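K.L.:
sequence unknown, structure follows:
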């Protein structure tokens, strides 16, 4: 009977043990785990600390007893492997609780030791209020400290996955949190404008950001940053990276790859044919880049564990690599990525390009629709999808998964445009974010609607000195704009085409890029050749400016919203009714905005009341003065035209269609 020995549990090791047993009922399987828990949900640790997960026991996936009863796997916790004797096929280990040493024999060995958090060699990292989060014991220590010491201020060092998740968790525990990140943006794997989306959410929830700064020292009541500034704090969490656990493998003479991870072949076999490895400690192939990378993510670790478990008992499965698909939630914001970023694709030699769209998560008329921001990265030569990034509050994960599947299947942007995705109003639009991004990419590459990314717009403006035309309504323009741009509506442009030089480049800026595309086609059809649309519109421009910034451009930013993690519900109906009643009683024309409350809240004509189109008839029944001068407006003039007809049919005699908000605001000039 053969012996299978596994060093390391959690994701890869525990999965390997279960898979091996399901395939071979006779092999002796032994698992050595240095920690106290053999299989737990390490990705859930921040959510328990933040109160999203109520029970600690929910994080324990399997115990020693579980493995013994269900899989006949002998688990030794608190057991650290000290030495591998490759010639004798033996492993010397020590029980860290008793100090007793023991030798385990193997025919096949699986290494699944994962990685450990990097602890920077700085003064004060060993203080009692400084923590890392990697194990259940780490989580318990943090939870106990918070309960006993009741810290009011926290510093989180590192703006990656765990760092951001812990920022939210600590905020929910009542602390004022400061995030320190050495890179100029949070989530360095994200493109600038997508990092900007997360940045805005952090600021909205009161998180203080120290970006482009690093930790220099930790003192009892403060941390010192590399620029000499200090931040007062009662609690410090270090989350600056993960280093593969390779001491055992290196001592055994196993080959380490160029990226610093343990080298394995397609079968996940190390340089020793009797030893396999999986999880955070190995380097794997990036299936878009085609090169080896380190990718410490739970998904790949679990799948690798399944493969080595099968191969260790005679299988011949190969691991095809991973595209680095990941997603993170920060308060109410979600962002994720898959495949390659635009920069990494260009650096790798691809003829890479990208477009950005901001499209409703599902049909806008169905409740709770939110904008989904999507960057589609592709090769202009082959048209194949190389990567994608998605951000929003609803439906982000499924778009990331579709893009990951497209990459795995080698789909092109044309394929993506024709992809038949599920549609019903609560779930998607007939042409949802994926399809729209593909349409936009096709239009961009064939010259039908050329666009410029927010990250490239500064260079574009410096080189081409275009006429920048902002198509947004005057209220949105007044709140934040690109200095030097001209605020004109589509109607105003159409009426003044003869005043625009045909031989000069034009850059169009709309809210999300969609109106820019429409106007671009209008101008192209009128003989203008050098017309470009800002991809993603002002949303993308503002987010990139917030996260990365421009050297020469002056870009206005949206105001911080001051959100709270506490469920403070304020009933604004009474206040709204009071203001509406006051406006109705005033002399002069009554201005009615028939847009949705969400649109109205973003900016409205001064003195207007908000009566949604669906509620207009009910409102009119209770309004007695049918001869009162009423001006109805909306976003574009379509809904207000319908509203005017409703009022006329109900006996109102002095109703005017004010058109869109842009037209209404022009009345003030």
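P.N.:
Arrived safely. This one's a predicted model, so the numbers in the text were calculated from it and none came from an experiment.

K.L.:
Next, the buried residues of stretch 476-494.
P.N.:
Neighbour counts over stretch 476-494 (16 or more other CB atoms under 10 Å) mark 476-477, 480-482, 485-490, 493 as buried. (C-beta placed from N, C-alpha, C; glycine too.)

K.L.:
what does that stretch rub up against?
P.N.:
Residues outside stretch 476-494 that contact it (CB atoms under 8 Å, 6 or more residues apart in numbering): 467-474, 496, 500, 509, 511, 515, 518-519, 522-523, 538, 541-542, 553-559, 602-603, 660, 662-663.

K.L.:
Help me confirm that residue 200 is found in a strand?
P.N.:
No: counting by DSSP: H, G, I helix; E, B strand; the rest coil, residue 200 is not found in a strand; it is helix.

K.L.:
Near it, how many other residues are there?
P.N.:
19 (other CB atoms under 10 Å).

K.L.:
ok, now which ones touch it?
P.N.:
333, 543, 546, 558, 560.

K.L.:
Could you do residue 10 as well?
P.N.:
Applying CB under 8 Å, 6+ apart, we find residue 10 in contact with 33, 37-40, 42, 112, 114, 279.

K.L.:
re earlier: ok, of the contacts of stretch 476-494, which come out buried?
P.N.:
Using 16+ other CB under 10 Å, the buried ones in those are 467-474, 500, 509, 511, 515, 519, 523, 538, 541-542, 553, 555-556, 603, 660, 662-663.

K.L.:
List the ones among those residues that fall in strands.
P.N.:
In this view, the buried ones among the contacts of stretch 476-494 that belong to strands under DSSP state E are 467-470, 509, 660.

K.L.:
Specify which member of those is nearest to residue 434.
P.N.:
residue 509 (24.3 Å; CB to CB).

K.L.:
The closest one: what's it in contact with?
P.N.:
Taking CB under 8 Å, 6+ apart as the criterion, residue 509 is in contact with 468-472, 482, 485, 516, 534, 537-538, 541.

K.L.:
Run a quick neighbour tally on residue 347.
P.N.:
12.

K.L.:
And it, what's its pLDDT?
P.N.:
At residue 347, the pLDDT value in this model is 93.

K.L.:
Now do the helices in the stretch 301-450 of the chain.
P.N.:
342-347, 396-408, 413-417, 433-445 (DSSP state H, counting those that start in this stretch).

K.L.:
other SSEs contacting the second one?
P.N.:
Counting contacts by 3 or more CB pairs under 8 Å, 6 or more residues apart in numbering; DSSP states H and E, helix 396-408 is packed against strand 326-330, strand 333-339, strand 371-379, strand 385-392, helix 433-445.

K.L.:
10 Å instead, please
P.N.:
Helix 396-408 sits against strand 326-330, strand 333-339, strand 371-379, strand 385-392, helix 413-417, helix 433-445, with contacts defined as 3 or more CB pairs under 10 Å, 6 or more residues apart in numbering; DSSP states H and E.

K.L.:
Run the angle between the fourth one and helix 396-408 for me.
P.N.:
Here strand 385-392 runs at 180 degrees with respect to helix 396-408, directions being taken by axes from the mean of the first three to the mean of the last three CA atoms, to 10 degrees.

K.L.:
for stretch 428-440, which positions count as buried?
P.N.:
In stretch 428-440, the ones that count as buried by 16+ other CB under 10 Å are 428-429, 432-440.

K.L.:
between the residues you listed, which is nearest residue 132?
P.N.:
Nearest to residue 132 among these: residue 433, at 36.7 Å, using CB to CB.

K.L.:
give the contact list for that closest one.
P.N.:
Neighbouring residues of residue 433 by CB atoms under 10 Å, 6 or more residues apart in numbering: 357-362, 371-374, 376, 390, 392, 395-396, 398-399, 402, 421.

K.L.:
and if we set it to 6 Å?
P.N.:
By CB atoms under 6 Å, 6 or more residues apart in numbering, the contact set of residue 433 is 359, 372, 374, 399.

K.L.:
out of these, which one sits closest to residue 88?
P.N.:
residue 399 (52.4 Å).

K.L.:
nearest residue to that closest one other than its sequence neighbours?
P.N.:
In this structure, residue 399 finds its nearest non-sequential neighbour in residue 390, 4.6 Å apart by CB to CB, 6 or more residues apart in numbering.

K.L.:
I'd like to know how many residues surround the residue nearest to residue 365 when sequence neighbours are not counted.
P.N.:
Distance criterion CB to CB, 6+ apart; nearest residue to residue 365, sequence neighbours excluded, is residue 425 at 7.1 Å. Neighbour count for residue 425, taken as other CB under 10 Å: 14.

K.L.:
Tabulate the buried residues of stretch 476-494 in CSV, adding columns for pLDDT and secondary structure.
P.N.:
Formatted as CSV, the buried residues of stretch 476-494 follow (pLDDT from 0 to 100; DSSP: H, G, I helix; E, B strand; the rest coil):
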residue, pLDDT, secondary structure
476, 93, helix
477, 95, helix
480, 96, coil
481, 97, coil
482, 98, strand
485, 97, coil
486, 95, strand
487, 95, strand
488, 94, coil
489, 92, coil
490, 92, helix
493, 93, helix
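
K.L.:
ok, those vs residue 653, which is closest?
P.N.:
residue 489 (29.5 Å).

K.L.:
Which residue ranges of the stretch 1-150 of the chain form helices?
P.N.:
12-23, 45-49, 64-71, 136-149.

K.L.:
The second one packs against which elements?
P.N.:
Contacts of helix 45-49 with other secondary structure elements, assessed using 3 or more CB pairs under 6 Å, 6 or more residues apart in numbering; DSSP states H and E, are made with helix 161-172.

K.L.:
Distance from the chain centre to the helix it packs on, please.
P.N.:
Helix 161-172 sits 14 Å away from the centroid of its parent chain (CA atoms, centre = their mean, to the nearest Å).

K.L.:
Need the pLDDT of the residue nearest to residue 365.
P.N.:
94.

K.L.:
just to revisit the earlier point, could you dump the contacts of residue 509 to JSON lines with distance to residue 16?
P.N.:
Shown next, in JSON lines, are the contacts of residue 509 (distance: CB to CB, whole Å):
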{"residue": "468", "distance to residue 16": "57"}
{"residue": "469", "distance to residue 16": "59"}
{"residue": "470", "distance to residue 16": "57"}
{"residue": "471", "distance to residue 16": "57"}
{"residue": "472", "distance to residue 16": "55"}
{"residue": "482", "distance to residue 16": "54"}
{"residue": "485", "distance to residue 16": "58"}
{"residue": "516", "distance to residue 16": "52"}
{"residue": "534", "distance to residue 16": "49"}
{"residue": "537", "distance to residue 16": "48"}
{"residue": "538", "distance to residue 16": "50"}
{"residue": "541", "distance to residue 16": "48"}
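
K.L.:
Mean neighbour count, the helices of the stretch 301-450 of the chain: which tops it?
P.N.:
Stretch with highest mean neighbour count among those: helix 433-445 (a mean of 24; mean count of other CB atoms under 10 Å).

K.L.:
which stretches of the stretch 151-300 of the chain form helices?
P.N.:
So, for the stretch 151-300 of the chain - with DSSP H, counting those that start in this stretch - the helices run 161-172, 192-204, 247-251, 298-311.

K.L.:
Just the closest of the contacts of residue 200 to residue 629, please.
P.N.:
Nearest to residue 629 among the contacts of residue 200, with distances taken as CB to CB, is residue 558, at 34.8 Å.

K.L.:
And the residue nearest to that closest one when sequence neighbours are not counted, how close does it get to residue 29?
P.N.:
Of all residues not flanking residue 558 in the chain, residue 480 sits nearest, at 5.5 Å (CB to CB, 6+ apart). The gap separating residue 480 from residue 29 is 61 Å, by CB to CB, to the nearest Å.

K.L.:
likewise residue 354?
P.N.:
Counting by CB to CB, the gap from residue 354 to residue 29 is 47 Å.

K.L.:
cool, residue 226 as well?
P.N.:
49 Å.

K.L.:
Give me the more crowded residue out of the two.
P.N.:
residue 29 (25 against 13).

K.L.:
For the more buried one, give the beta-bridge partners.
P.N.:
With DSSP bridges as the criterion, residue 29 is bridged to residue 4, residue 73.

K.L.:
Thank you, goodbye.
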